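A.B. asks: Need coordinates for the following:
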Amino acid sequence: MPEPFASLERGVTEEVRQVALGGEGYARMLSGWLLVDREEVPLAERAEYAWRYALFLEEVRAFEPGWEAKAAWRKAASLLQKAQDPRAFSAWQRLLPEGEAVAALLSLGEGERLWEALFQGRAYEALLRVLPLGVRPDLRAQALFRLGRYGEALPFYREWAREDPRGYLGLGYALWRLGRREEALEALARYDHPESRYAQGRILEEMGRVLEAVEAYRQSIPQGVWRATGLLERQGLKKEALVLYLDLARGTSPYADDAALRAYILAGELGLAESRREALDLVQGGLGLLLGKEPLPPPPAPSSSPPPEASLVEALVAFGKEVWARGVVRYALWQRPGDWPALVPFLYRLGAYREGIRAAWPTLLAYPRPYREWVEGYARKEGLDPNLLYALLHVESRFDPLAVSPTGALGLGQFLRSTWEDVARMLGEPPADPFDPEASIRYAARYLRWLMDRCAAYRGLEQVACAVTAYNGGVGYILRGIAREGGLYAFLRFQERDEPREYLAKVLSAYAAYRATP
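C.D. replies: Now for the predicted structure:
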């Protein structure tokens with residue numbers, strides 16, 4: 001529970017209950033939450049307060065310790081179940097696949113509703129125990145597949161396919177996982193869908209039947225078309241690849257900007273001036289910077305008047321109640337999402353940059369300049385453009401100094417511990433605290449400068465592209481890849497991982513936005 005709330009709880013009185021029952025806004029909801037453990041308050045009332053607060057935390061998605069929704073849902077689920085409130089099922093469902101939640105749902109539900117909840121909540125073992133044989137073979141097949149029990153899943157995929165051809169897609173994947181590729185292709189061919197053709201392409205490519213794979217990929221999803229272009233290039237069929245690149249570039253998939261860039265390079269190699277002009281026109285976002293094309297700046301945010309909560313927020317800040325002030329702004333944004341232009345500056349002032357950027361996206365307001373003195377000072381010290389350092393931090397952490405990624409990257413600059421220690425050695429000092437914003441900015445600037453120096457074979461924005469990709473993928477990854485592929489642009493196309501490719505596009509897009517923002 002956030003700090004100001006805990007201090008309030010010690011002084012809970014009947015007056016707090018009156019606010020919970022008849023007050024307004026965030027104060028009303030918070031007062032109710034403070035009462036959820038007070039047994040002198042009627043059970044149904046406490047359950048309502050807990051439900052309301054858990055729903056708020058879930059929907060505002062605050063990036064702050066103490067604002068996680070799971071603990072609130074656990075409290076709400078228990079109270080709702082005791083109160084025999086039908087919403088208990090929904091509350092427990094949010095806590096799957098925890099064992100307590102599974103047990104509660106098994107006591108509260110049955111039939112389709114229960115089966116779907118267990119499946120969506122990834123409680124596959126429980127689902128298999130309660131799902132009757134001969135009923136919903138689609139759920140049983142998919143549950144077995146996700147548990148890695150591919151052989152057991154086969155008869156149920158076949159049963160599903162007799163009712164719905166989508167079952168052939170799962171059947172094909174299960175057979176592929178079992179190494180039965182010819183049977184997998186036969187099954188997938190019976191489901192005429194882009195996803196199925198993509199799976200066929202992957203299997204055919206794995207079998208070395210490259211041109212057959214290309215034909216399957218051509219008629220599949222954008223990811224498949226992207227794989228087809230690479231196979232065609234590897235076969236020396238550059239004109240055929242160019243046609244597909246341009247088709248991808250005309251679309252809206254995540255591959256569109258990369259395809260346009262590659263089409264521009266390939267058309268230049270082939271001497272096709274008209275195709276090269278079309279590709280340049282199609283290049284969108286930050287990748288255009290590599291071709292000397294400055295993207296249009298993001299649109300400005302709509303004008304707005306100060307929100308009605310402004311004076312309350314100012315007063316809370318003056319009394320050192322920043323956590324409570326953030327709650328007031330979050331509640332206002334939850335209730336009035338259309339007021340984001342007026343509310344986002346308050347989120348920024350209160351340090352909630354990730355939430356503010358999310359609400360303001362994709363306008364210019366989504367590109368704040370926090371920690372300005374440190375960013376600009378350390379960028380100048382390392383000979384970097386401050387806009388580039390801002391763009392890097394924007395993509396890495398959305399300026400959240402406490403950010404922790406699923407892979408364990410920490411802080412504003414999202415450093416792994418090993419890299420953080422490497423940079424400390426570069427600086428000749430013991431490792432600082434990665435959650436200290438000044439230290440993270442200083443380390444990010446030093447590391448980016450070091451990467452720029454490792455990419456000194458390039459100049460200008462190509463050097464930036466090399467260094468930024470290395471920041472995400474590792475300097476060894478990019479230098480080995482460039483050596484293997486024979487150049488930067490060939491590496492950017494044929495690198496084996498998607499994440500660094502998408503990361504570069506995001507950083508360059510943010511860089512362009514910051515260059516356009518005073």
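A.B. asks: What values do phi and psi take at Phe415?
C.D. replies: Phi and psi for Phe415, reported as degrees, to the nearest 10, are phi -90, psi 140.
A.B. asks: Run through this protein and note the low-pLDDT ranges.
C.D. replies: Within the chain, the stretches with pLDDT under 70 are 1-13.
A.B. asks: swap the cut-off to 50 and go again
C.D. replies: 1-11 (pLDDT under 50).
A.B. asks: For the stretch 201-350 of the chain, which segments count as helices?
C.D. replies: With DSSP state H, counting those that start in this stretch as the criterion, the stretch 201-350 of the chain has helices at 210-218, 222-234, 238-249, 256-270, 273-282, 310-318, 322-335, 340-349.
A.B. asks: what about the ones you listed, which gets the closest to Leu105?
C.D. replies: Of all those, helix 322-335 sits nearest to Leu105, with 27.4 Å by Cβ to Cβ. Backbone N, C-alpha and C define where each C-beta goes, glycine included.
A.B. asks: Any buried residues in that closest one, and which?
C.D. replies: Buried residues in helix 322-335, counting neighbours by 16 or more other Cβ atoms under 10 Å, are found at 322-334.
A.B. asks: what's the spacing between that helix and its chain's center?
C.D. replies: Between the centre of helix 322-335 and the centre of its chain there are 23 Å (Cα atoms, centre = their mean, to the nearest Å).
A.B. asks: List the contacts of the nearest residue to Asp247 once chain neighbours are set aside.
C.D. replies: Leaving out its chain neighbours, the residue that sits closest to Asp247 by Cβ to Cβ, 6 or more residues apart in numbering is Val225, at 6.9 Å. Taking Cβ atoms under 8 Å, 6 or more residues apart in numbering, we find Val225 in contact with 217-218, 244, 247-248, 255.
A.B. asks: I'd like to know which of those residues is nearest to Arg146.
C.D. replies: For the contacts of Val225, the nearest to Arg146 is Tyr217 (25.7 Å; Cβ to Cβ).
A.B. asks: quick one: contacts for the closest one?
C.D. replies: Tyr217 touches 197-198, 201, 224-225, 227-228, 231, counting by Cβ under 8 Å, 6+ apart.
A.B. asks: Neighbour-wise, which one of those leads?
C.D. replies: Gly201 (28 neighbours; other Cβ atoms under 10 Å).
A.B. asks: For that residue, give its distance to Lys239.
C.D. replies: Using Cβ to Cβ, to the nearest Å, one obtains 21 Å as the distance from Gly201 to Lys239.
A.B. asks: Equivalent analysis for Ala54, please.
C.D. replies: Per Cβ to Cβ, Ala54 is found 58 Å from Lys239.
A.B. asks: More neighbours: these two, which one.
C.D. replies: Each of Ala54 and Lys239 has its neighbours counted (other Cβ under 10 Å); Ala54 has more, 24 against 13.
A.B. asks: from what I can see the more buried one touches Ala69, true?
C.D. replies: Yes - assessed by Cβ atoms under 8 Å, Ala54 is found in contact with Ala69 at 5.9 Å.
A.B. asks: thinking again about what came up before, out of the helices of the stretch 201-350 of the chain, which comes closest to Arg515?
C.D. replies: helix 256-270 (17.5 Å).
A.B. asks: Could you tell me the angle between the closest one and helix 222-234?
C.D. replies: Here helix 256-270 runs at an angle of 20 degrees relative to helix 222-234 (axes from the mean of the first three to the mean of the last three Cα atoms, to 10 degrees).
A.B. asks: Let's see helix 256-270 as CSV, backbone CA atoms only.
C.D. replies: Output of helix 256-270 as CSV, limited to C-alpha atoms (Å, rounded to 0.1, in the frame of the first residue of the first chain):
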residue,chain,number,x,y,z
ALA,A,256,6.8,-1.7,-43.7
ASP,A,257,9.6,0.8,-42.8
ASP,A,258,12.4,-1.9,-43.0
ALA,A,259,11.0,-3.1,-46.3
ALA,A,260,11.0,0.4,-47.8
LEU,A,261,14.6,1.0,-46.6
ARG,A,262,15.7,-2.4,-48.1
ALA,A,263,13.9,-1.6,-51.3
TYR,A,264,15.7,1.7,-51.6
ILE,A,265,19.1,-0.1,-51.2
LEU,A,266,18.2,-2.9,-53.6
ALA,A,267,16.8,-0.6,-56.2
GLY,A,268,20.0,1.4,-56.1
GLU,A,269,22.1,-1.8,-56.6
LEU,A,270,19.9,-2.8,-59.6
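A.B. asks: chain center to it: distance?
C.D. replies: Offset of helix 256-270 from its chain centre (Cα atoms, centre = their mean): 27 Å.
A.B. asks: List the contacts of Ala117.
C.D. replies: By Cβ under 8 Å, 6+ apart, the residues touching Ala117 are 89, 93, 96, 105, 109.
A.B. asks: which ones are touching Ala83?
C.D. replies: Counting by Cβ under 8 Å, 6+ apart, the residues that Ala83 touches are 43-44, 47.
A.B. asks: top of those by neighbour count?
C.D. replies: Counting neighbours by other Cβ under 10 Å, Ala47 leads those with 25 neighbours.
A.B. asks: From the contact counts, what lies against the strand or helix carrying that residue?
C.D. replies: Using DSSP states H and E, Ala47 sits within helix 43-60. Where contact means 3 or more Cβ pairs under 8 Å, 6 or more residues apart in numbering; DSSP states H and E, helix 43-60 is packed against helix 25-33, helix 69-82, helix 322-335.
A.B. asks: Now that helix - C-alpha only, PDB.
C.D. replies: These are the backbone C-alpha positions of helix 43-60, laid out as PDB (Å, rounded to 0.1, in the frame of the first residue of the first chain):
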ATOM      1  CA  LEU A  43     -19.000  -7.300   4.400                       C
ATOM      2  CA  ALA A  44     -20.800  -6.400   1.200                       C
ATOM      3  CA  GLU A  45     -19.800  -2.800   1.500                       C
ATOM      4  CA  ARG A  46     -16.100  -3.800   2.000                       C
ATOM      5  CA  ALA A  47     -16.300  -6.100  -1.000                       C
ATOM      6  CA  GLU A  48     -17.600  -3.200  -3.100                       C
ATOM      7  CA  TYR A  49     -14.800  -0.900  -2.000                       C
ATOM      8  CA  ALA A  50     -12.100  -3.600  -2.800                       C
ATOM      9  CA  TRP A  51     -13.600  -4.300  -6.200                       C
ATOM     10  CA  ARG A  52     -13.700  -0.600  -7.000                       C
ATOM     11  CA  TYR A  53     -10.100  -0.100  -6.000                       C
ATOM     12  CA  ALA A  54      -8.700  -3.200  -7.800                       C
ATOM     13  CA  LEU A  55     -10.500  -2.200 -11.000                       C
ATOM     14  CA  PHE A  56      -8.900   1.300 -10.700                       C
ATOM     15  CA  LEU A  57      -5.400  -0.100 -10.300                       C
ATOM     16  CA  GLU A  58      -5.900  -2.600 -13.200                       C
ATOM     17  CA  GLU A  59      -7.200   0.000 -15.600                       C
ATOM     18  CA  VAL A  60      -4.800   2.900 -14.800                       C
END
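A.B. asks: Buried residues in it, which are they?
C.D. replies: So for helix 43-60, counting by 16+ other Cβ under 10 Å, buried means 45-57, 60.
A.B. asks: Touching that helix from outside, list them.
C.D. replies: Helix 43-60 is touched from outside by 20, 29-30, 32-33, 35-38, 67-69, 72-73, 75-76, 79-80, 82-83, 85, 87, 91, 94, 330-331, 333-334, 355, with contacts defined as Cβ under 8 Å, 6+ apart.
A.B. asks: Kindly indicate which of the buried residues of helix 43-60 lies nearest Arg398.
C.D. replies: Val60 (15.3 Å).
A.B. asks: ok, that closest one to Ser405 distance?
C.D. replies: 21 Å.
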